[in-house]
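[1] Would you be able to build a 3D model of this:
(chains A, B, C and D, ligands or ions: 4)
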Amino acid sequence: GEKIAVITPYLSQPGTQFYVEAFEARAKELGWEVNVIDTQGDVAAVISRIEDVVAQGVNGIVINVDPSQIGAGLDAAAAANIPVVGMDAGADARIKANVTSNGYEMAAVTSVYIANRIGGAGGVVMFTFDAFPPVQVRGVIADAVFKNYPDIKVLDRITPDVSDGGIADSRAKMEALLAANPEPGSIKAVWAAWDQPALGALQAIEAAGRQNEGIVITGIDANPQARDAIAAGGNFEASVAQDFTGIGSTAADTMARVLGGEVLKANVIYVPTQLVTSVNAK
Amino acid sequence: MPQLALHGVVKTYGQTRALDGAGLELRGGEIHALMGENGAGKSTLIRILAGLEMPDAGQITFNGAPVALTSPAAAEGLGLRFLHQELQIVPALSVAENMHLAHPYPTFGLGIVRWDALRAASLAALTRLGVTHIDPKTRMADLGPGDQMLTRIAATMIDTQGSLPWAYVLDEPTAALTGAEAERLFAALHTLRAAGQAILYVSHRMDEVLALSDRVTVLRDGRLVSTLMRDQVSRDQIIQDMTGRDFATLYPPASGEEGGAPLLEVRGVQAGILHDMDFTLKAGEVLGIAGLSGSGRNHLLRALMGAVPRQGQVLVKGQGIGQSPAAAWAAGLAYVPRERRAEGLMLHQPLADTVALPHIPALSTAGFVRRSWITRLVARLAQAVRLKAQSQAQVAAELSGGNQQKVLFARALAGPPVVLLLDEPTRGVDVGAKFDIYATIRGLTAQGVGVVMVSSDLPELIGLSDRIGILQGGRLTQILPAEGLTEGALLALCYEKEVV
Amino acid sequence: MVRFLRHYGTLMGMVAIVLVFWALLPDTFMTARNWLNITQQVSMLTVAAVAMTVVMVVGDFDLSVGSMASLSGIVAAVLFTLGWPVPLAVGAALVVGLAGGLVNGVLVSVIGILPFVATLATLTMYSGAAFILSGGKTIFGRDIPQSFADFAKSGLPLGSLGDKPVILPWLTVLALAITGVVFVVLELSTYGRRLYAIGGNAEAARLAGVRVTWLRLTAYGFTGVGAAVAGLMYASRVASANPTQGEGLMLNAIAAVFLGMTVTRHGQPRVVASVLGVLVLGIMDNGLTQLQVDSYVREVLVGLIILLAVSISALGRRATGRR
Amino acid sequence: MVRFLRHYGTLMGMVAIVLVFWALLPDTFMTARNWLNITQQVSMLTVAAVAMTVVMVVGDFDLSVGSMASLSGIVAAVLFTLGWPVPLAVGAALVVGLAGGLVNGVLVSVIGILPFVATLATLTMYSGAAFILSGGKTIFGRDIPQSFADFAKSGLPLGSLGDKPVILPWLTVLALAITGVVFVVLELSTYGRRLYAIGGNAEAARLAGVRVTWLRLTAYGFTGVGAAVAGLMYASRVASANPTQGEGLMLNAIAAVFLGMTVTRHGQPRVVASVLGVLVLGIMDNGLTQLQVDSYVREVLVGLIILLAVSISALGRRATGRR
Ligand SMILES: Nc1ncnc2c1ncn2[C@@H]1O[C@H](COP(=O)(O)OP(=O)(O)OP(=O)(O)O)[C@@H](O)[C@H]1O
Ligand SMILES: Nc1ncnc2c1ncn2[C@@H]1O[C@H](COP(=O)(O)OP(=O)(O)OP(=O)(O)O)[C@@H](O)[C@H]1O
Ligand SMILES: [Mg+2]
Ligand SMILES: [Mg+2]
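    Ligands and ions are numbered 1, 2, ... in the order given. From the prediction side, this is the model:
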């Protein structure tokens, strides 16, 4: 069958794993041979690996980094007439299509959820990560939403150390903030741009014995650990489920269409997302 | 009386045959000297005795029964105690802990150390050597080199529960000791001998060996040459056995008469403990510097080289020189440091690189070194100092001590120098190499080079110097002609103030 | 004065940092709860730094502690998913730590590879192994037994303060216990003194008959086990295991030991000093976060503090003569 | 035999690796295009490793090269966004590299801090500075001038092979040029010979009139500039700048230099050997990717290869006598 290479710098992140797995599952049905390559955060290595698989002569390449960062690799693929499909990547003329969730929308949903839950007033802690473009856009939207409520005060905008996945350092940071704001009610909510900091914040709040102050936590991605926490009915109230499986299988289907010679009109394909609360967490 | 014997011992390292049928027999109640040129295999034989190296062939017997010395513990079990050649200390640990490096610590059980017992045992051993001024709690790094050596010697005399020592093997124990300290060691050795203990002793100081030992074993090129009673052997015989050549007189005669122009003028120099240094060195002159340990001899040469901060003036051929080693080399001072491995050689680089280093400015054009010039220079100098090496690219670590020293002499000659500064130039160097070095020094003075030489080897100092300066507590108390001085007189001068 | 600065400079710096935070955060910093938090936050780093101290005593390094910590967490978690009981899985993870440490030991001590190179290579390999075992995934949720996750959440009740109970977290207790054991081993036992001798002058120790090769090898074994313990503590604290989660430990552990070395008399690595180093890092993190200092500025500040401490100590050592 | 293995073991290992890939990938591995790819892929690591070689020649380390590479990329990118022309922005980034290197040099050489500690601290600081300058964001897209991004995409036309043009990428050209310059400096100039002398025995070099403090300081300056160049090459290649993007360079650069040291006569760091080390890493990456070996298995294999090369060299050195 066709040889397809999936190249990502971010495989150890939970979301990525899910859509890569869904991609592989669909690819198996299609009879493809898939090679998943993780460059562990190194974007230049993504270019190198694209060059390698182009030399090897694969039939298609799937990426999940911003295309503008790997122009040289995309040029190499284009020169060899090998189609490239983005999986949660970004839009670019050189990729046939990018299959993704709408990050702006997800951030809007959770930040508005918080604003409504706290009645548009109180202190909010934000966990963001601007070094990673897809997560950076979420912070932009949340900033805008909170700014729109004059009585919401952003207490701190924290970038946790993510070398460990983000839970432990977020927890330590949250513990310090809780200590710095000992008055009950001084922290109304925690908005996290993805789930790990939300989980860390939850652990910190529970460990400090402040779970009954009504601090509202939201995350994004709705990974299983987050779903468990939301289902438990504690402070972690909401997250947004990206349809990772859908992204993965849609990316495979898109690749199949491209390989079949179809010319796609829209170069971004959005897979719908869903707000997850204790109602639908399980 | 216990008796330990080695026969036909062979040991090779790569292509070097360090031992090639060496042997030795050691009896209780004797002081036995082991002699040989640099690289003859003395230390290797001792390391085999200590269980640190396995021989390729050969037998070892104890009281007639064969024994296998497969580990340091096995050697300790036979009652053997060692002082190895290199000054091996752990500077960061206390004297007591250093003394117990080779012995089990006293414990409460479970390996938990009993510090009081550790100190007591150390103190007892020090006292046995007649050393009372060293506190076992002191850090080793805080002792001077002499005291460090005394501590290590005392460490061989520690009582341990396991086995009582009966033989002490000392590889060049006096290399870092002053006369008085050595005397103390000799007294202790005599006591041990009287108690029926055996002492195996390596030294390059011929007079010491002749005065101390009961028997002398000589190795040459890894082979046993002879074992003779002290009273059957003469100094010349030992030298003949060691080197296979004959040195009628060790110190070549001074060739030219001194009294040329002043080369080096030192005016009111102060540096560290040094005060009011004033002297002049003339062309073709050898100025010896004598003094006790810590009197500042080493510091004086380093101050002249600009390697330590100094005040006052140093003039070479009437020109003041800047305060850095680079300025000193550029002005024609050449330095042979005391610790050749630590201060002189790039041990793991081609020996030519070490030789060329201070002369790079003259061996390069427009910032690029001229390989061919270096090759030619090193070839010439190697011949001049009779260096034995496979090639210029050989690393210094593979050379014997004497040849390492010759590398540094070659480097000092390259300039050519105006003034040569020598710090213990023949320490740990064998008779043959010593003779070559003396001849080199004489050759230089004949060409008008001036020499300042620090040495603890008093016969050497008297034999080579034209004048000798006495250094006491950082002051040059007097400078007198070497002619007619005896060792005893010189030593007395060094001690003078303390005696008064 | 100089001598005084050298010995007490870092200590005084620490006290100053604490005082500054106390002044700026009068209500929240100097509280029992905050300090218990700090001790718990630094407990994993403490164990890693204490373990690192052992190899640094013999004058070596171990760059692989971070990936070994990740690997041990993954091993335990994978075994949990296979249904192993907690004690067995934890035991297996510790055995992996010991084995990994001994591999480092063999490479450095028996084969003679520079510690930096050997443990750099094993860093890559252990991290690769963690990725392979976990398939690159984070293992969490129902796969992690409750009792394992609870360990990090509970502790020794110490009484109560006001209305809230004060609890000494088990993680802190464990870190203290391990520090104590390593202290006794390094400072009071013959074994430890031999390690210091090797670190001070390996050649002298060898000539004196100390079994340098063997002892050096075992030191790496200690460090490997310590790294594994730190990794398990981490996994328990985050109730999950991820093939990269230990990564941050390595550089921080080394930094803590070096920071500690600036307080010891002769600049030697010592257990208690390493723990002090860990505390400095932990207090800075806690205090600066409470003061809402930007995370990036915090990073620069931490670097500066380390440099300051080490510079004072280096300059002091220079001025008082020997190094 | 042993001696032979020691000197040629690693080289033969390299040849063996190449032959194996050639046999397993008959059509795609041994092609001009693939080799040009490899040289381009390793060009940044080459520059970093060559720069690292300079400090390693004096017997030191520089752990901060990775974060310096990130910082220099960020500096250039931020200046681009402020509208600076490309040459000025690039020049400013190089000045930052030089300054950062000299800071390392002052800390190590003048103040006397251990290289490991000093550059560990500056690693943190330079990385923090990169985060602060960029606000933690990745700078990309229209902010990066086309001409800057194009540099990494174009090269020197070499002619054509079949129908396709063969182009020697500018990145490769730059890496070769820098290697050449550093080679001349280290191997042929008096400056370089003095650096080697310092690495051989710093005290002896000082007594022989070498200005050790100053030269050691400048060596760090070289390395800092090299790290900055590598960072700019990286930024050009990915047409963006991110405060963490250089991170991977540091350990790989050190690994490459050490790997190279196993081929040199006396185990010294040498420029050409370091480049060989880089090539081994690059070839392994390229070949194993083409063979579709799992990324994680690849990591373990790379670790193993390094260990093997270094072990053979260490054992060989042992067998031929002293080390
Ligand atoms: N570890 C080693 N590896 C290679 N060669 C060695 C080693 N140890 C000693 N040799 C060589 O073995 C020979 C004997 O050396 P040894 O140290 O025993 O001499 P020595 O008689 O003690 O000399 P010295 O008077 O200089 O101390 C020399 O040629 C030396 O270079
Ligand atoms: N760099 C230094 N800083 C401080 N004190 C020093 C330094 N070098 C030497 N000294 C001190 O100066 C005194 C003279 O030392 P020096 O080494 O010159 O004496 P020496 O006559 O060569 O004796 P020895 O044979 O014991 O080395 C000693 O007390 C020594 O501790
Ligand atoms: Mg010897
Ligand atoms: Mg001295």
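[2] quick one: is whichever strand or helix holds C:Gly316 near chain D?
    Element membership of C:Gly316, judged by DSSP states H and E, is helix C:295-319. Yes. Counting by C-beta under 8 Å from any C-beta of the partner chain, chain D has neighbours in helix C:295-319: C:295-300, C:302-304, C:306-307, C:310-311, C:314-315, C:317-318. No exception for glycine: its C-beta is placed from N, CA and C like everyone else's.
[3] filter the residues you listed to the buried ones?
    Burial by neighbour count, 16 or more other C-beta atoms under 10 Å in any protein chain shown: within these this picks out C:295-296, C:298-300, C:302-303, C:306-307, C:310-311, C:314-315, C:317.
[4] just the residues you listed now: which is nearest ligand 2?
    Ligand 2 has its nearest neighbour among those in C:Arg317, at 12.7 Å by C-beta to the nearest ligand atom.
[5] what's the neighbour count on residue 140?
    Here I'm looking at chain A. A:Val140 has 14 neighbours, counted by other C-beta atoms under 10 Å in any protein chain shown.
[6] think we crossed wires, I meant chain C
    Around C:Phe140 there are 24 residues (other C-beta under 10 Å).
[7] What residues are bridge-paired with it?
    Beta bridges link C:Phe140 to C:Ser240, judged by DSSP bridges.
[8] Where does the prediction get shaky in chain C?
    Chain C contains residues with pLDDT under 70 at C:1-10, C:317-323.
[9] again, 80 this time
    Per-residue confidence for chain C (pLDDT under 80) gives these ranges: C:1-13, C:136-138, C:140-142, C:159-165, C:265-267, C:292, C:294-295, C:313-323.
[10] Chain A too?
    Along chain A, segments meeting pLDDT under 80 span A:10-15, A:40-41, A:90-91, A:131-134, A:161-166, A:266, A:282.
[11] Okay, helices next: where are they in the stretch 51-200 of chain A?
    A:71-79, A:103-117, A:133-147, A:167-180, A:195-207 (DSSP state H, counting those that start in this stretch).
[12] which one of those helices lies closest to B:Ile238?
    Each of the helices of the stretch 51-200 of chain A has some distance to B:Ile238 by C-beta to C-beta; the shortest is helix A:167-180, at 73.6 Å.
[13] is the closest one up against chain D anywhere?
    No. Helix A:167-180 does not reach chain D (C-beta under 8 Å from any C-beta); its nearest approach is 14.5 Å.
[14] what sits against the residue of chain A most remote from its centre?
    Note on chain A: the largest C-alpha distance from the chain mean falls to A:Glu183, namely 33.1 Å (C-alpha atoms, centre = their mean). Residues counted as contacts of A:Glu183 (C-beta atoms under 8 Å, 6 or more residues apart in numbering or on different chains): none.
[15] and it, what are its phi and psi?
    Phi and psi for A:Glu183, reported as degrees, to the nearest 10, are phi -70, psi 130.
[16] Ok, C:Val117 next?
    Main-chain dihedrals, C:Val117, degrees, to the nearest 10: phi -70, psi -50.
[17] does it really touch D:Gly303, like I thought?
    No. C:Val117 lies out of contact with D:Gly303 (C-beta atoms under 8 Å); the separation is 10.9 Å.
[18] what residues are up against the spatially closest residue to A:Ala115 that is not a sequence neighbour?
    Nearest non-adjacent residue to A:Ala115, counting by C-beta to C-beta, 6 or more residues apart in numbering or on different chains: A:Tyr149, 5.5 Å away. Residues near A:Tyr149 by C-beta under 8 Å, 6+ apart: A:Ala115, A:Gly120, A:Ala121.
[19] ok, and the most crowded of these?
    A:Ala115 (22 neighbours).
[20] how much space between the residue nearest to B:Leu413 when sequence neighbours are not counted and D:Asp285?
    Spatial nearest neighbour of B:Leu413, chain neighbours left out: B:Leu381 (5.6 Å); criterion: C-beta to C-beta, 6+ apart. Distance of B:Leu381 to D:Asp285, computed by C-beta to C-beta, to the nearest Å: 49 Å.
[21] next one: A:Glu183
    Here the distance between A:Glu183 and D:Asp285 works out to 55 Å (C-beta to C-beta).
[22] what does chain A have sitting close to chain D?
    Near chain D, when you scan chain A using C-beta under 8 Å from any C-beta, you find A:11, A:35-45, A:47-49, A:51-53, A:55-57, A:66, A:68-72, A:75, A:79, A:129-133, A:136, A:159.
[23] Output the longest helix belonging to chain C.
    Longest helix in chain C by number of residues, with DSSP state H as the criterion: helix C:212-238.
[24] Does it reach chain A?
    Yes. Interface with chain A: helix C:212-238 contributes C:Tyr234, C:Arg237, C:Val238 (C-beta under 8 Å from any C-beta).
[25] The strand or helix carrying C:Thr124 to helix C:212-238, inter-axis angle?
    Following DSSP H and E, one finds C:Thr124 within helix C:115-134. With axes from the mean of the first three to the mean of the last three C-alpha atoms, to 10 degrees as the basis, helix C:115-134 and helix C:212-238 are set at 40 degrees to each other.
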